[in-house]
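> Attaching a predicted model along with its sequence, questions to come.
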Amino acid sequence: MWGRVRGIGSRVIGRWRAEERTGREERVGREKRTGREKRPHNLFEAAAVYVSACVEDDQDRIDEAAGWVSPEALSFGVNELACRAVIALARERDESPGTVARALLGLPAA
């Protein structure tokens, strides 16, 4: 009798695993067809989305981007984005990065 129960249990688990494997293969195939493969977000991508969402006052996107990486990584990414933006503006304006940073923050020239 226990042999029969064990056999039924094995068949049920086997079918469940086969369905799980098939579902996973279908998901991967669908993601590849649509070009949206699941991949982890990097800190620079999170920082870019976070900052642009802050500018647009989009709280949903702010929360989403904040959840992609740790708070420390997001802070580093936002800092790096700010540095690169100030450098790019300074080169464009032919001014020092310090002058540009103060102007962006509305501070008087030093």
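Now that the structure is in, tell me what you want to look at.
> how far away is Phe41 from Ala88?
Careful, residue 41 is His; it's not Phe. 23 Å (C-beta to C-beta, to the nearest Å). Placement of C-beta: from N, CA and C, glycine included.
> let me fix that: Val100
Distance of Val100 to Ala88, given as C-beta to C-beta: 9 Å.
> And for Ser52?
Taking C-beta to C-beta, one finds Ser52 at 16 Å from Ala88.
> for Leu105, same thing?
For Leu105 relative to Ala88 (C-beta to C-beta), the value is 16 Å.
> cool, Glu72 as well?
25 Å.
> neighbour count winner among the two?
Between Glu72 and Ala88, counting by other C-beta atoms under 10 Å, Ala88 is the more crowded of the two (12 against 9).
> which helices and strands sit right next to the helix or strand encompassing the more buried one?
Using DSSP states H and E, Ala88 sits in helix 71-93. Helix 71-93 sits against helix 43-56, helix 59-68, helix 97-104, with contacts defined as 3 or more C-beta pairs under 8 Å, 6 or more residues apart in numbering; DSSP states H and E.
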